[in-house]
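In: Quick one, fold the following:
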Amino acid sequence: LRQKDAELYALQSQINPHFMYNTLQSISMAVEEGESKSVVQMVTILGRMLRYSLSNKERLVPLSHEITHIEDFLKIQKFRFEERLSFDIQVQPDREIYYTPKFILQPIVENSIKYGLEKRKGLRIEILVQELILESGDHDLLFVIRDNGPGISKDRLEEINLNLQADPMGERESGFGMLNVQSRVKMMFGSNYELKIMSIEEKGTEITIQIPTITKSKVTQFLGRGETDTYE
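Out: Prediction:
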């Protein structure tokens, strides 16, 4: 259990705000151009994101916190890319009731922006969170991250899917956002839960992440060692 906990911490610790340098550049440019309102907004958002990132010990956080974090991330990116980027976030379940692994969305959205804007003048990202009722009567949460980017070729998609099924702690390159999320989901919730990718070249990509519904009373069950290192 201690080894599993250490592995989970190591995976989470590798998720950092890669956009930090670009954000600071955007703030610097806004200062030079006298856009004081934008500067205040960006610094406020960045400070909130850093606080969330630095409180790294929390494995599970309220859904509302994770949604606020991804909204902040996208707002910062919107300052940088302006009209080239648009987004919409829809959360159907009560975001105050359920918990989710921390940083489950940012690595996926980072990939969408990085690869989408390389080949597109404009990119739209849609995030949907919904509650599923299974045949067993149990409930799950489903995260859907959809973009209208360049999509993924069949060969590359097959390679990614093979990597997603590989050893969670195996060696891999640093830019492995989807693999990181997949590893943490499987380690925390078991092989029945995973990340799935659907993509059509030149049309876009849809990634889904399914996890069990976790209320505050169930948090310690999924942490695995009686921890309570979550947000109150």
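In: From here on, just use CA atoms for contacts and neighbour counts.
Out: OK.
In: Mind listing what's buried along the longest strand anywhere in the chain?
Out: Assignment by DSSP state E gives strand 123-133 as the longest strand of the chain. The neighbour-count check on strand 123-133 (16 or more other CA atoms under 10 Å) flags 123-127, 129-132 as buried.
In: same question, stretch 79-92
Out: For stretch 79-92, by 16+ other CA under 10 Å, it's 79-81, 85-86.
In: what do you get for stretch 133-148?
Out: 140-148.
In: Sort out for me which of those residues are in strands.
Out: Reading strands off these with DSSP E, I get 140-147.
In: which one is the residue nearest the centre of the chain nearest to, not counting chain neighbours?
Out: Nearest to the geometric centre of the chain sits Leu105, at 1.4 Å (CA atoms, centre = their mean). Once flanking residues are discounted, Leu105 sits nearest to Ile70: 6.7 Å by CA to CA, 6 or more residues apart in numbering.
In: ok, so what distance separates Ser26 from Lys78?
Out: As judged by CA to CA, to the nearest Å, Ser26 and Lys78 stand 11 Å apart.
In: and what of Ile152?
Out: 24 Å.
In: now Leu105
Out: Computed as CA to CA, the Leu105 to Lys78 distance reads 17 Å.
In: Over to Gln210?
Out: Between Gln210 and Lys78 the distance is 27 Å, computed by CA to CA.
In: Please identify the buried residues of the helix or strand where Ile45 lies?
Out: In the assignment (DSSP states H and E), Ile45 maps to helix 36-54. Neighbour-count burial for helix 36-54 flags 39, 42, 45-46, 49, 52-53 (criterion: 16+ other CA under 10 Å).
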